[in-house]
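K.L.:
Quick one: sequence plus predicted model below, questions after.
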Amino acid sequence: MNLLFHAISVPDALMESISYEQDMICRTLGHCRVGEEIDSELGDFRDIDPNEASQRKFTYMRYDHAFTPAELEMARQRSKAGISLDNISLIPYLQQIGSNYAEKHVKADDLL
C-alpha cells in the first residue's frame, strides 16, 4: 500500500468509525426502539428491561439504507461524481431513495 491509497481510504474509514461510535453511544444512553443489529456479538441493544427503558435519557431510532449496486450506478449516471457528501446535484435522487425507504421501513407506531 502506498501513501496515495491511505490518503484516499483513511477519510472514509474515519467517517465510518465515527458513525459506528455515535450509534453505540446513542444505543447505550438512549432507549433504542428501531435499529438493525450492530453485529452478532452486540446485537441491537433493544432487548432491555421496560423499567430500565424509562430511565434512559432519550428515545433513539436508527434507520440505515444500504445503497444497492444499481442505486450507485444510477447515481453515477446522473452525476459523474456519484454519491459524495458535497454532490448537491444528487439531492432530488437521494430524496427519492429516502422517501422510498421510509415508506417501507418507517412505521408511525415507532414514532409515537
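P.N.:
Sure, I can see it. Values in this document were obtained by computation on a predicted structure and should not be read as measured data. Residues are numbered from 1 along each chain as shown.
K.L.:
residue contacts, the residue nearest to the spatial centre of the chain?
P.N.:
Nearest to the geometric centre of the chain sits D64, at 3.6 Å (Cα atoms, centre = their mean). Counting by Cβ atoms under 8 Å, 6 or more residues apart in numbering, D64 touches 35-36. All C-beta atoms are positioned from the backbone trio N, CA, C, and that covers glycine.
K.L.:
Doesn't it lie inside a helix?
P.N.:
No. Going by DSSP: H, G, I helix; E, B strand; the rest coil, the assignment for D64 is coil, not a helix.
K.L.:
Output the lowest-mean-pLDDT helix or strand in the chain as PDB - backbone C-alpha positions only.
P.N.:
Ranking every helix and strand in the chain by mean pLDDT, DSSP states H and E puts helix 50-53 at the bottom, with a mean of 78. This file holds the C-alpha atoms of helix 50-53, laid out as PDB (Å, rounded to 0.1, in the frame of the first residue of the first chain):
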ATOM      1  CA  PRO A  50     -39.100  -2.000  30.400                       C
ATOM      2  CA  ASN A  51     -38.200  -0.400  33.800                       C
ATOM      3  CA  GLU A  52     -34.700   0.400  32.500                       C
ATOM      4  CA  ALA A  53     -36.100   1.900  29.300                       C
END
